[in-house]
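*Asks:* Any chance you can model this:
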Amino acid sequence: MQGARIISVGSAVPDLRINNRDISQIVETSDEWIVTRTGIKERRVLTGANKSVVDLAYHAAMKALHNIRMDPLEIDLIILATSSPNDLFGSASKVQAKIGAKKAVAFDLTAACSGFVLAIVTAAQFVQNGSYKNILIIGADVLSKWIDWSDRKTCILFGDGAGAAIIQACSEEDNAILGFQLNTDGKQSDELSITYKENPYSLNTFQLFQGQFQYISMNGKEVYKFAVSKVPASITKCLNALDLSTKDVNWLLLHQANKRILKAVADRLSIDTCKIISNLSKYGNTSAASIPLALDEALQNNKITKEDIIVISGFGAGLTWGTVVIKWKC
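*Replies:* Okay, the predicted model is just below:
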């Protein structure tokens, strides 16, 4: 077995900002109401003809490559974590072509807000077993395209964005992906979903069914209860397996869903809130992009230093949740 470590990070967001006052012109709400309940002040939304998740993923990937002056031809594998591809067959191949990584295998990974955590874990397996040397993972979503802007429960929450990281093989002694813990509960999948509605129609003697995907639907109370109970348990289990305690944690990086969830998880783990990495107020819930977006910003602000222990946890639709513990080596 060889080691794996993150050697570069990059991110990208659309130019258009929609603040809470803008939202209050669409639905009955206010800046105070949204900030108090979610911590979100504004979000970014992708606009423009033929603009898609591929564009944001491309810019985030190129920033990660540029930071270490890596040629795209050195990338062996691309994993695009997204729930909003611009093609139902997947968008990773389009990213591969756009960045010029023609030697890389590319595929989509769909796990909603847990997607980037699963991408880290998946990439680490390929690296640690010797299959690939350089893997580009991207978390990117444009959920604004799947929002009912008349639904106050969801339109205040979501934004668009992308974040990328390059995971590279290293010696076993320098391994930085220390451990992980993953879970799924499909029985609760209806609590947060984009459902497919079928419509029957007749074709000669056959009855066929075709339809289309609906808007985002969410039971906020149930998702909150799920997150504040399952995420601390996942983190504790992962730390225990590594013989670490919460006192060893330098940074807590959670999926950026709601400030109350972030605080509740930290409180249950007795982790000081000053250790929470968050940029939720500026971007809202960007699904698979939220963790790498926040990680990139923290690095740019020099918050994270070499040898820091970072607990990363994602949670969301599926319902899925998971934790990965990394040691920062750069």
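
*Asks:* Neighbours of residue 149, how many?
*Replies:* Applying the criterion other Cβ atoms under 10 Å, we find 12 residues in the vicinity of residue 149. Heads up, the C-betas are built off the backbone N, CA and C, glycines and all.

*Asks:* And what about it, helix, strand or coil?
*Replies:* Applying DSSP: H, G, I helix; E, B strand; the rest coil to residue 149 yields a three-state assignment of coil.

*Asks:* Please tell me I have it right and it contacts residue 156.
*Replies:* No: here residue 149 lies out of contact with residue 156, judged by Cβ atoms under 8 Å, at a distance of 10.1 Å.

*Asks:* what is the mean pLDDT for the strand or helix carrying residue 199?
*Replies:* Element membership for residue 199, per DSSP states H and E: strand 196-203. Throughout strand 196-203, pLDDT has a mean value of 86.

*Asks:* Adjacent strands (with direction) for it?
*Replies:* strand 206-213 (antiparallel) (DSSP bridges).

*Asks:* ok, residues contacting the partner strand?
*Replies:* 146, 194, 195, 196, 197, 198, 199, 200, 201, 202 (Cβ atoms under 8 Å, 6 or more residues apart in numbering).

*Asks:* what's the burial count for the last one?
*Replies:* Using other Cβ under 10 Å, residue 202 has 8 other residues around it.

*Asks:* and if you look at the first one?
*Replies:* Residue 146 sits with 16 neighbouring residues when counted by other Cβ under 10 Å.

*Asks:* how much space is there between it and residue 106?
*Replies:* According to Cβ to Cβ, to the nearest Å, residue 146 and residue 106 sit 23 Å apart.

*Asks:* try the fourth one
*Replies:* Distance of residue 196 to residue 106, computed by Cβ to Cβ: 25 Å.

*Asks:* Which of those two has more residues huddled nearby?
*Replies:* residue 106 (21 against 9).

*Asks:* can you list contacts of the host helix or strand of that one?
*Replies:* Counting by DSSP H and E, the secondary-structure element that holds residue 106 is strand 105-109. Residues outside strand 105-109 that contact it (Cβ under 8 Å, 6+ apart) are 76-82, 85, 90-93, 95-96, 115, 118-119, 122.

*Asks:* Take the residues you listed and keep only those in helices.
*Replies:* Filtering the contacts of strand 105-109 for membership in helices, criterion DSSP state H, returns 92, 93, 95, 96, 115, 118, 119, 122.

*Asks:* Which one of these sits in the busiest neighbourhood?
*Replies:* Counting neighbours by other Cβ under 10 Å, residue 115 comes out on top of the ones in helices among the contacts of strand 105-109 with 34 neighbours.

*Asks:* What distance do you get for that residue to residue 314?
*Replies:* Distance, residue 115 to residue 314, using Cβ to Cβ: 7 Å.

*Asks:* Now do the contacts for residue 76.
*Replies:* Applying Cβ under 8 Å, 6+ apart as the definition, the contact partners of residue 76 turn out to be 103, 104, 105, 132, 133, 134, 135.

*Asks:* got the domain boundaries for the protein?
*Replies:* Domain ranges of the chain: 3-173, 177-186+217-327, per automatic domain parsing.

*Asks:* Rebuild those domains as JSON lines, extending it with distance to residue 208 and mean pLDDT.
*Replies:* Conversion of the domains of the chain to JSON lines gives the following (distance: least, Cβ to Cβ, whole Å; pLDDT from 0 to 100):
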{"stretch": "domain 3-173", "distance to residue 208": "18", "mean pLDDT": "97"}
{"stretch": "domain 177-186+217-327", "distance to residue 208": "25", "mean pLDDT": "97"}
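
*Asks:* Can I get the ones you listed in JSON lines including distance to residue 207?
*Replies:* Conversion of the domains of the chain to JSON lines gives the following (distance: least, Cβ to Cβ, whole Å):
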{"stretch": "domain 3-173", "distance to residue 207": "23"}
{"stretch": "domain 177-186+217-327", "distance to residue 207": "27"}
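
*Asks:* What is the end-to-end distance of stretch 203-220?
*Replies:* Terminal residues of stretch 203-220 are spaced 41 Å apart (Cα to Cα, to the nearest Å).

*Asks:* Give me the buried positions along that stretch.
*Replies:* The neighbour-count criterion (16 or more other Cβ atoms under 10 Å) identifies 215, 216, 218 as the buried residues of stretch 203-220.

*Asks:* Please apply the same query to stretch 40-55.
*Replies:* Judged by neighbour count (16+ other Cβ under 10 Å), stretch 40-55 contains these buried residues: 40, 41, 42, 43, 44, 45, 46, 52, 53, 54, 55.

*Asks:* In those residues, find the pair that's most separated.
*Replies:* With distances taken as Cβ to Cβ, the most widely separated pair in those is 41 and 54, at 27.8 Å.

*Asks:* how far is stretch 320-330 from where the chain is centred?
*Replies:* 13 Å (Cα atoms, centre = their mean, to the nearest Å).

*Asks:* With just CA atoms, put it into CSV.
*Replies:* Taking C-alpha atoms only, stretch 320-330 is exported to CSV below (Å, rounded to 0.1, in the frame of the first residue of the first chain):
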residue,chain,number,x,y,z
THR,A,320,-26.1,9.8,2.9
TRP,A,321,-23.4,10.9,5.3
GLY,A,322,-19.8,10.2,5.9
THR,A,323,-16.5,11.4,7.4
VAL,A,324,-13.0,11.5,6.3
VAL,A,325,-10.0,12.5,8.5
ILE,A,326,-7.0,14.0,6.8
LYS,A,327,-3.7,15.4,7.9
TRP,A,328,-2.6,18.5,5.9
LYS,A,329,0.8,17.9,4.4
CYS,A,330,1.4,20.9,2.2
